[in-house]
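*Asks:* The following block contains a protein sequence and its predicted model.
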Amino acid sequence: MRVISMNLNGIRSATNKGFFSWLAKQNADVICLQEIRADKEFLQSKVFHPAGYHSYYACAEQKGYSGVAIYSKQQPDHIIENLGWHISDTEGRYLEVVFGKLHIASLYLPSGTSGEARQTIKFAFLDHYLSILKRQIKQSRSYILCGDWNIAHTKMDIKNWRSNQKNSGFLPEERAWLDAVFNEVGFIDAYRYFNPDKVEYTWWSNRGKAWENNTGWRIDYQVVTPDLADKIARTEIYRQEKFSDHAPLIVDYTLD
């Protein structure tokens, strides 16, 4: 089973850069997208409903902002479009599909880079979401939580870690929150589990020549329940083409 996660930084822009042409060649079973930045009326276009897939969108109330999507070859048993938290539900930050006991979600955690007010919202979101993760881990179900988590976990996950320690996305409190997700709650970072020593990134600033110089951050994840750890067969961060300021994160699982 191939799962792809990707922050598009605008579905229009990614389309113009060839994202859907590339996607059609990947034979993915589930695709989780973030930062669609489009409303459902615009998304009626055929190009945004790839052939062979069931397409689901959770859009923000504010036009041109946030939004997540999931494309799935198999029709889900259930679809969950919210977390019961207004920032998630009004800003289109969560979408989940359920196949029996397997749950796959597309998540777009808030950024705090625009200022203190949004950082406060981000911390509140983290607190709320951690309580959800604690409930999920106790269920006899499997979870693959895909998306832009907007946090680089360790020094390995960010090129210029020294100069970013006071910046949103690499704050000690944010990194400690991921410590709790992985070490206390028990979820697993699929990429890091499979590549304990590999240094790669998934996001690059548009400033300067960050992409060309590979001055990046690894902030896009597939976070899984422990039962899926030994099912991780392959990971790839695809950089041969550039569709966004993020790169696609591809994980193959030995699951039907």
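*Replies:* Received, thanks.
*Asks:* The residue nearest to residue 164 when sequence neighbours are not counted and residue 94, how far apart?
*Replies:* Nearest residue to residue 164 in three dimensions, chain neighbours excluded: residue 170, at 4.5 Å (C-beta to C-beta, 6 or more residues apart in numbering). (Glycine included, C-beta is placed from N, CA and C.) According to C-beta to C-beta, to the nearest Å, residue 170 and residue 94 sit 23 Å apart.
*Asks:* Likewise for residue 226?
*Replies:* Distance from residue 226 to residue 94, by C-beta to C-beta: 22 Å.
*Asks:* With neighbour numbers in mind, choose between the two.
*Replies:* Neighbour tally, residue 226 and residue 94, criterion other C-beta atoms under 10 Å: the higher count belongs to residue 94, 25 against 12.
*Asks:* The more buried one touches residue 57, doesn't it?
*Replies:* No - in this structure, residue 94 is not within contact of residue 57 by C-beta atoms under 8 Å, at 12.0 Å.
*Asks:* And residue 221, its phi and psi?
*Replies:* Here is the backbone geometry of residue 221 (degrees, to the nearest 10): phi -130, psi 160.
*Asks:* What count of nearby residues applies to it?
*Replies:* Neighbours around residue 221, by other C-beta under 10 Å: 28.
*Asks:* cool, and residue 119?
*Replies:* Residue 119 - counted by other C-beta under 10 Å - has 18 other residues nearby.
*Asks:* my read: it touches residue 112, true?
*Replies:* Yes - the pair residue 119 / residue 112 is scored as a contact, 3.1 Å apart, by C-beta under 8 Å.
*Asks:* Between these two, which contacts overlap?
*Replies:* Shared contacts of residue 119 and residue 112 (C-beta atoms under 8 Å, 6 or more residues apart in numbering): residue 168.
*Asks:* can you pull out the helices in the protein?
*Replies:* 11-16, 19-23, 86-91, 116-137, 172-179, 190-194, 210-213 (DSSP state H).
*Asks:* most packed of those?
*Replies:* helix 190-194 (a mean of 20; mean count of other C-beta atoms under 10 Å).
*Asks:* Please report the distance of the nearest residue to residue 140 once chain neighbours are set aside from residue 225.
*Replies:* Leaving aside its chain neighbours, residue 140 sits nearest to residue 101 (7.1 Å; criterion: C-beta to C-beta, 6+ apart). As judged by C-beta to C-beta, residue 101 and residue 225 stand 10 Å apart.
*Asks:* of those two, who's got more company?
*Replies:* Remark: of residue 101 and residue 225, residue 225 carries more neighbours, 21 against 12, as counted by other C-beta under 10 Å.
*Asks:* if I read this right, the more buried one contacts residue 188, doesn't it?
*Replies:* Yes - the pair residue 225 and residue 188 qualifies as a contact (C-beta under 8 Å) at a distance of 7.4 Å.
*Asks:* May I have the residues that are in contact with the residue nearest to residue 35 when sequence neighbours are not counted?
*Replies:* Using C-beta to C-beta, 6+ apart and skipping residues adjacent in sequence, the residue nearest residue 35 is residue 7, 4.9 Å away. By C-beta under 8 Å, 6+ apart, residue 7 lies in contact with 33-35, 108, 147-148, 203, 220, 244-246.
*Asks:* Of these, grab the buried ones for PyMOL.
*Replies:* A single PyMOL command selects the buried members of the contacts of residue 7 (16 or more other C-beta atoms under 10 Å):
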select buried, resi 33+34+35+108+147+148+203+220+244+245+246
